[in-house]
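Enquirer: I'll drop the sequence and a predicted model, then ask my questions.
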Amino acid sequence: MTTAAMIVMAVALFAVRLSGFVLSGVGLPPPIERSLRFTPIAVLAAVTVAIISGAGRPDTIGFTALAAGSIAAWLTRKVWICLAVGMLVAVVGSAIM
């Protein structure tokens, strides 16, 4: 990687982080705020599809984590608990196997 490319990426990263501080007092339009409320659910759906459509081989740990997260979501109706339970089952399952 060239020095110029690294400088460009560093400036871009700095600009993105600085914009968060500069624009922190600016409100978003209601349609954008409404659509951002669905971001956690969209991420969960993307992870679920990635687990289910694995590379042609069954992923036992992934399916177990998915099932545990789904049950946690059904019982608590909280996205963060669903994600935490699913990640915990995946980490413990990976450590055991």
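Expert: Sure thing, it's come through.

Enquirer: what about I7, which helix or strand?
Expert: Here I7 sits within helix 3-22, counting by DSSP states H and E.

Enquirer: Dump the helix or strand that that helix is followed by to PDB, restricted to CA.
Expert: As assigned by DSSP H and E, the chain's next helix or strand after helix 3-22 is helix 30-36. Written as PDB, here are the backbone C-alpha positions of helix 30-36 (Å, rounded to 0.1, in the frame of the first residue of the first chain):
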ATOM      1  CA  PRO A  30     -38.200  11.900  10.900                       C
ATOM      2  CA  PRO A  31     -38.200   9.400   8.000                       C
ATOM      3  CA  ILE A  32     -34.500   8.700   8.500                       C
ATOM      4  CA  GLU A  33     -34.900   8.400  12.200                       C
ATOM      5  CA  ARG A  34     -37.800   6.000  11.700                       C
ATOM      6  CA  SER A  35     -35.800   3.800   9.300                       C
ATOM      7  CA  LEU A  36     -32.700   3.700  11.600                       C
END
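
Enquirer: quick one on the thing from earlier: contacts for the helix holding I7, please.
Expert: Residues from elsewhere that reach helix 3-22 (C-beta atoms under 8 Å, 6 or more residues apart in numbering): none. For glycine as for every other residue, the C-beta is placed from the backbone atoms N, C-alpha and C.

Enquirer: pLDDT score assigned to W74?
Expert: At W74, the pLDDT value in this model is 92.

Enquirer: ugh, wrong one, I meant M1
Expert: On pLDDT, M1 comes in at 66.

Enquirer: re the thing from before, distance from the chain centre to the helix holding I7, please.
Expert: Taking C-alpha atoms, centre = their mean, to the nearest Å, the mean C-alpha location of helix 3-22 is offset from the chain mean by 23 Å.
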